[in-house]
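Visitor: Here's a sequence, model it:
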Amino acid sequence: MKIEQIYTGCLAQGAYYIESNGEIAIIDPLRETQPYVDKAEREDGKIKYIFETHFHADFVSGHVDLAKKTGATIVFGPGAETNYEAYISKDNEIFELGNIKIKVLHTPGHTLESTTFLLLDEEGKEHAIFSGDTLFLGDVGRPDLAIKSDLTKEDLAAMLYDSLRNKIMPLPNDVIVYPAHGAGSACGKNLSKDTVGILGEQKQTNYALRENMTKEEFVKEVLDGIPPPPQYFAKNAMLNKSGYDSFEVVLKKGNIPLDVEEFEAIANHESALVLDVRPEEDFIKGHIPKAIFIGIQGAFAPWVGALITDIKQPILLVTPKGKEKETVTRLSRVGYDNTLGYLKGGFDSWIAAGKDIDVLESISADEFVHKTTQQDMNILDVRKSGEHQSMYLNIKGIENFPLDFINDSINIIDKNKTYYIHCAGGYRSVIAASILKARGFYNLVNIEGGFEELKKTGVQMSNFVCPSTIK
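Guide: Reported below is the predicted structural model:
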């Protein structure tokens, strides 16, 4: 028996490769499926099953493509409905895989079809659970992503309470826990940085598994402090339920080099968004006017999903050399399949062609603090509200303007004012400034290095909840 976790850090997502006696199961595969096929061929095995723990909202799974390539059966838990061929399992149903078995534990709560898959080893011992978004390390899945007219998030949280206590907690303490996500995922609020754990440890340390916890207490604590889900979650869940274009088709369409004239013509005639994924320091120094910055080196795909509201938006790319294919791939993981090509030769070719460029004014933390002693300031802290409330600049004019909600909050600020923008380290502030500039806000100044550099200056901080928060 072999179990391998295939973890993708930028999505904080774990897929799983399970093999026994030449038969293979893949759990929650990524969009690009050829690596699974190649791995199975190298190991002289056959992919028999593709288990989906639920309809994922934070990424597009590769289950449909992988089934077409391999003939493997897609397996969902009870109650799932799809627009493609899939096997809808029954609670406690058992699937044989070589010399081991995989048992279905229907665990609704995160979503109605959410299912945990229990692996029984060669001796029939309960060895591991693949818990999807039902149980994380340190947390449980948010119960507000599958609400129907007759179900509230409180109803789903109550279901999750029952699922955990009736299906998960009775299992032996030495059962290994393989969750679908780790820290950084928006599918929970307190996920551990660890990606593999032991059930007994979770019973001791995970607040949601607390002994003698009432259902009412559980519902209150699970729902407390959950921010609204990113706008792309519902769209990704629908793609996972309905199906999608193959990854190879998306890559072929998007991984196309365009010279400057072709690039500019498509931008003008296709209403394409120019997405610049270079490092933020390069974007600051020069970029195509009205380009949006979301750097490939950061939490790229989740920020694209949160901020580009039209999942079918035509996109043109400005990338670092050699990052073209990776960028198209990572966009496809969250369902942004309408990439039309990339700027051949990168931003240097744009400059060489004599085209107009724009820059982003940027100052050091020391320069910013010096200015605060000379004049009143308008300051936008684009960190999450929880970050802002834990510690913020004790300076007149500071407002929390979370990047997550910038599309909803943009009309609250004044185009005639100058705004100084900071985040934690400098990545999100440049994203925010690029979006604001594209919308006609030209009096913007980025604070280099963000809050981490500001703390080094000795400027006065506060850790009380600031009442001035834009949501």
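Visitor: Backbone dihedrals for F451, both of them.
Guide: Backbone geometry at F451, expressed as degrees, to the nearest 10, gives phi -60, psi -30.
Visitor: so what's the closest residue to it other than its chain neighbours scoring on pLDDT?
Guide: Leaving out its chain neighbours, the residue that sits closest to F451 by Cβ to Cβ, 6 or more residues apart in numbering is A424, at 5.0 Å. To be clear about C-beta, it is placed using only N, CA and C from the backbone, and glycine gets the same treatment. Note on A424: pLDDT of 96.
Visitor: tell me the average confidence for the host helix or strand of A40?
Guide: A40 is located in helix 34-42, with elements delineated by DSSP states H and E. In this model, helix 34-42 has a mean pLDDT of 97.
Visitor: send the alpha carbons of that helix over as CSV?
Guide: C-alpha atoms of helix 34-42 as CSV (Å, rounded to 0.1, in the frame of the first residue of the first chain):
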residue,chain,number,x,y,z
GLN,A,34,-1.3,14.4,-16.9
PRO,A,35,1.1,14.1,-13.9
TYR,A,36,-1.2,11.6,-12.3
VAL,A,37,-1.4,9.6,-15.6
ASP,A,38,2.4,9.7,-16.1
LYS,A,39,3.0,8.6,-12.5
ALA,A,40,0.6,5.7,-12.8
GLU,A,41,2.3,4.6,-16.0
ARG,A,42,5.8,4.8,-14.5
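Visitor: What about the residue nearest to F451, how many residues nearby?
Guide: 17 (other Cβ atoms under 10 Å).
Visitor: wait, is it part of a strand?
Guide: No - in this structure, A424 is coil, not part of a strand, as judged by DSSP: H, G, I helix; E, B strand; the rest coil.
Visitor: Who's the closest spatial neighbour of G397, skipping the chain neighbours?
Guide: M377 (4.6 Å).
Visitor: One more: H110?
Guide: Closest to H110 by Cβ to Cβ, 6+ apart is G141, at 3.2 Å.
Visitor: contacting residues around the one you found?
Guide: Shown in contact with G141 (Cβ atoms under 8 Å, 6 or more residues apart in numbering): G109, H110, S114, G132, D133, T134, L135, L160, C187, G188.
Visitor: which ones among those residues are found in helices?
Guide: L160 (DSSP state H).
Visitor: which one of the contacts of G141 is nearest W303?
Guide: C187 (15.8 Å; Cβ to Cβ).
Visitor: Can you name every helix or strand that the helix holding A40 contacts?
Guide: strand 46-51, helix 63-70 (3 or more Cβ pairs under 8 Å, 6 or more residues apart in numbering; DSSP states H and E).
Visitor: okay, those in CSV with distance to V249 next?
Guide: Listed next are the helices and strands packed on helix 34-42 as CSV, based on distance: least, Cβ to Cβ, whole Å:
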stretch, distance to V249
strand 46-51, 20
helix 63-70, 10
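Visitor: Now mean neighbour count too, for those, in CSV please.
Guide: Output for the helices and strands packed on helix 34-42, formatted as CSV (neighbours: other Cβ atoms under 10 Å):
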stretch, mean neighbour count
strand 46-51, 23
helix 63-70, 21
